[in-house]
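1. A structural model of the following input is requested.
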Amino acid sequence: MLSSNPNNWGAPLAQSLVWVCCSASASAVPAPPFSPTNIFAPAATPSNAIFGLSLFVLGITGGIFLVVFALLLYSVVKFRKRSNDDGREPAQVYGSNQVELAWTIIPILILVALFMATARVIAVVQAVPRPQNSLEVVVIGHQFWWEYRYPALGIVTANELHVPVSDGRHPTPTVIKLLSADTDHSFWVPRLAGKTDLIPNHPNSMWIDPHMVGLYLGQCAQYCGTQHAKMLLRVYVQTRAEFDRWAQQQSQPAHPENSTSAGRRIFETTACINCHSVAGTIANGRFGPDLTHLMSRETIAAGAATNTPDNLRLWIRNPDAIKPGSLMPPMQLSDQELDALAEYLETLR
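-> Take a look at the predicted model:
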């Protein structure tokens, strides 16, 4: 039974892992030096539950394999052809109620156990009540990038999700609302949770409660077009103090001292403002990522390239050089205009 007390928020999931006989192995997995995408190193309650269930299923299917293999091996050895065989066919057994019952009842019991274990984990993961201290993030999937909105904080960013670490004594989960702006996508960060689909006109949701700070990588797990493979996910799990500092910085508008720069004039008089937003300016496009704090991100093009001045210039000049099939058009700027625009964008921190 699920508790409505936020302080007991993680208890039902721990109990569910005991129920599937795998909680000890799931909770004992150390984090470093595992890969940021290692499904065998869960770092949040949902991924722990899925990992425990996976071990339970693997144990049952592995046991079935060993039994079947042992019976086959026994049959091969026991009934192999010997030199003194007279060539006659051995006695045949036609019909056995005991055998019929065994290979009917045993598979049914196995399937029921697998079904109940899976259904319980799914129900527990999806039905956990939302504590008052949880953080809400709206994730919108685009071709081919991620938009993140923090309604309570007034923050809009792209491709790099920041969340606070969850204290086991006082869980602070992040509730994620999933929307799609165009076609089907799928949000999957293996070490934090199972993949959840984003379907047009069908809001979906999930939650994570990371137990350790660090960078967790993920991927759009639903084929969504040409650059599906480069629709990457980066989740930065920070201490509460670090997250609060990041949120404070992200809530600020663009620097007003750049209002008269040549690069800003180019930005505001070209097609850039049709797709992109910069807080504090006339740019309020919604088709592309919000650029208010572009240079605070480690990557551009949804993780396809590191956010360096050279890559930024290349991305503006010819997006296909970094991400073929990208929906961002080349801006056809002169070298002087490109330099001025890039210098302006580099001030957006």
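
2. when you work out contacts or count neighbours from here on, use the C-alpha atoms and nothing else.
-> Noted.

3. my guess is Asn274 meets Asp290, correct?
-> No. Counting by CA atoms under 8 Å, Asn274 stays clear of Asp290, with 11.5 Å between them.

4. the two: which is more packed in?
-> Asp290 (22 against 15; other CA atoms under 10 Å).

5. pretty sure that one belongs to a helix, no?
-> No. Asp290 is assigned coil when assessed by DSSP: H, G, I helix; E, B strand; the rest coil, not a helix.

6. so who does it touch?
-> By CA atoms under 8 Å, 6 or more residues apart in numbering, the contact set of Asp290 is Val156, Thr157, Ala158, His276, Ser277, Val278.

7. among those, which lie within strands?
-> If you go by DSSP state E, the contacts of Asp290 have Val156, Thr157, Ala158 in strands.

8. what distance do you get for the nearest residue to Ile110 once chain neighbours are set aside to Pro131?
-> In this structure, Ile110 finds its nearest non-sequential neighbour in Ile60, 7.9 Å apart by CA to CA, 6 or more residues apart in numbering. Distance, Ile60 to Pro131, using CA to CA, to the nearest Å: 35 Å.

9. the more surrounded of these two?
-> Neighbour totals were compared for Ile60 and Pro131, and Pro131 leads with 18 against 15 (other CA under 10 Å).

10. and that one, helix, strand or coil?
-> coil.

11. from Trp145, how far out is it?
-> For Pro131, the distance to Trp145 (CA to CA) stands at 29 Å.

12. tell me where the stretch 201-349 of the chain has helices.
-> With DSSP state H, counting those that start in this stretch as the criterion, the stretch 201-349 of the chain has helices at 240-250, 262-268, 272-275, 309-317, 335-345.

13. give me the distance from the first one to the chain's centre.
-> Think helix 240-250. Its chain's C-alpha centre lies 22 Å from the corresponding centre of helix 240-250 when counted by CA atoms, centre = their mean, to the nearest Å.

14. same thing with the third one?
-> How far helix 272-275 lies from its chain's middle: 29 Å, per CA atoms, centre = their mean.

15. mind listing what's buried along it?
-> Residues of helix 272-275 classed as buried under the neighbour-count rule (16 or more other CA atoms under 10 Å) are Cys272, Ile273.

16. quick one: contacts of that helix?
-> Phe267, Ile282, Ala283, Asn284, Gly285, Arg286, Phe287, Gly288, Pro289.

17. the fifth one and Ile273, how far apart?
-> What that stands for is Gly285. For Gly285, the distance to Ile273 equals 6 Å [CA to CA].

18. retrieve the pLDDT associated with Ser25.
-> For Ser25, the model assigns a pLDDT of 38.

19. between the contacts of Asp290, which is nearest Val138?
-> Val156 (9.4 Å; CA to CA).

20. any idea what the residue nearest to that closest one when sequence neighbours are not counted is bridged to?
-> Take Val156 and drop its neighbours on the chain: the residue closest to it by CA to CA, 6+ apart is Arg149, 4.6 Å away. In this entry, Arg149 is beta-bridged to Val138, Val156, by DSSP bridges.

21. isn't Arg149 up against Thr157?
-> Yes. Arg149 is within contact range of Thr157, at 6.5 Å (criterion: CA under 8 Å).

22. the longest helix seen in the chain packs against which elements?
-> As assigned by DSSP state H, the longest helix anywhere in the chain is helix 45-78. Using 3 or more CA pairs under 8 Å, 6 or more residues apart in numbering; DSSP states H and E, the elements in contact with helix 45-78 are helix 11-19, helix 23-27, helix 97-127, strand 204-208.
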